[in-house]
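Engineer: sequence plus predicted model, see below.
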Amino acid sequence: MTIDHIDLARVDLNLLVALDALLAERSVTRAAARIGVGQSAMSSSLARLRTLFDDALLTRAPEGMRPTPRALALAEPVRATLRQIQFLVRREEAFDPRTVERTFTISLPDSTEVLLGPTLLAYLRAEAPGISLLLRSLDRTHVLEEIDADRIDLAVDLSFRGQQHHKQTLLYRDTYVCLFNAALVGLTPPISLDDYLRFPHVLTSLRETAHGVVDDALAALGLRRTLAVTSPRFLAVPFLVRAAPVLTTMHARLAHLFADALGLTVSPAPVRLDDVAVSMLWHASYDDDPAHRWLRTTLRRLAGQPGASLAGA
C-alpha cells in the first residue's frame, strides 16, 4: 500500500500515544499520568481522537471508562505501531546486560517464584545488576488483559489460552510426587494406594475449589480421598504437612526443595497423574526487544529447558 504522505502529515501521531494510554488505563486521569501530561490535555486528545476515528472510543461506565468495539479493534494495531516506531527512533546500540537499566514486571505463582526466583536473582546481580524485578501474584482471570495493557512483561503458569499476539515458550516440565512427614504418618516410600487413601490430604488450589487433578484421577478409579485443608498458597503447604499426619501431592521440583529444607519425605504418587508443563507468556510486540529477549532466554536456561517457541493461543 502506497503511503499518502500529505494525508498522513495532517494526523498528529502523538494522538496514537494518547490512545494507547487511554485503552490501557481506561481512565483519562491515569492515562494522563502514564504519559506525563495534564488531565485537560488528555481530555483534549480524547476529543480529537473521537473526531479522527468518528467514534466515541471510550464511554463512561460504573467501573470507569469502557472501550467501544471500534476502540478494541484499534488496540492491537496501535500498540504494534508504537512499538515499531520506538524501535526505529531508538539509538542503535549493542545490548549489554552488564550496563542496561530496566525493571521487568513478572506475574507468577509463588511456587515458581520459590523455584526460579533465588537462582534468577543471583544471576542478575552477577551478570545484569541494572535489571530489577517486580514480581506479582498471578491473576489467571486478568493475565491476558494485563499483558495487553503493558502492566506486566512476562507471565508464568501451567498453561495459557492466548491470542495471536500472545507468545508462549516452555520453561520446564515436571511430575507429581507425594510429600509427608514420615515421623508422623509412619510411612516409607514408595507408599501404596491404600496408604495414600488412609491419610487425609492437603490440597493447593488457586481456584479456591476443593478439587484437583488427584481427585479426577481417583474418580476414574472409583475412589475418593479425604481433604483436611485446601489452600491457595504453595508456600504454606510444607509447614502444614510437617505439623500433622497428612499427605500432599505436588510438583516434584518443589517437593524435593521442601523436603530438603524441612526434613520431609518424598514418594512417587501411587496414582497415575499426567506431567505438567510450565510456560511463560508475553506480548508479541516484545519479540525483538533485546533486553526482553535476553531475559526470556535466561529464564529458559536457568529453568533447565531450551524451550522451542510455541505459537500463540
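Structural biologist: Sure thing, it's come through. Numbering: from 1, shown residues only.

Engineer: look up how far Val156 lies from the nearest residue to Val202 once chain neighbours are set aside.
Structural biologist: Leaving aside its chain neighbours, Val202 sits nearest to Thr248 (4.2 Å; criterion: C-beta to C-beta, 6 or more residues apart in numbering). (Glycine included, C-beta is placed from N, CA and C.) In this view, Thr248 and Val156 are 22 Å apart by C-beta to C-beta, to the nearest Å.

Engineer: likewise for Gly263?
Structural biologist: Gly263 is 29 Å from Val156, by C-beta to C-beta.

Engineer: neighbour-wise, which of these two wins?
Structural biologist: Val156 (24 against 11; other C-beta atoms under 10 Å).

Engineer: surely the more buried one and Leu170 touch.
Structural biologist: No: contact criterion C-beta atoms under 8 Å: Val156 and Leu170 do not qualify, at 11.0 Å.

Engineer: who touches both of those two?
Structural biologist: Residues touching both Val156 and Leu170 (C-beta atoms under 8 Å, 6 or more residues apart in numbering): 278-279.

Engineer: what's near enough to touch the residue positioned nearest the centre of the chain?
Structural biologist: Residue closest to the average C-alpha location in the chain (C-alpha atoms, centre = their mean): Ala155, at 1.7 Å. Applying C-beta under 8 Å, 6+ apart to Ala155 gives the contacts 106-108, 138, 143, 146-147, 280-282.

Engineer: Three-state assignment for the residue nearest to Val202, please.
Structural biologist: strand (DSSP: H, G, I helix; E, B strand; the rest coil).

Engineer: I'd like to know how many residues surround it.
Structural biologist: By other C-beta under 10 Å, the burial measure for Thr248, its neighbour count, is 24.

Engineer: show me what it is bridged to.
Structural biologist: Leu179, Val202 (DSSP bridges).

Engineer: isn't it up against Cys178?
Structural biologist: Yes: Thr248 lies in contact with Cys178 (C-beta under 8 Å); the separation is 7.2 Å.

Engineer: in what helix or strand does Leu120 lie?
Structural biologist: helix 110-127 (DSSP states H and E).

Engineer: got the contact list for that helix?
Structural biologist: Against helix 110-127 from outside (C-beta under 8 Å, 6+ apart): 97-98, 131-133, 135, 137, 156, 171, 204, 233-235, 250-251, 253-254, 257, 278, 298-299, 302-303.

Engineer: any chance you could map the strands in the chain?
Structural biologist: 58-61, 64-67, 102-108, 131-137, 154-157, 166-174, 176-180, 201-204, 227-231, 247-251, 265-268, 276-283, 309-310 (DSSP state E).
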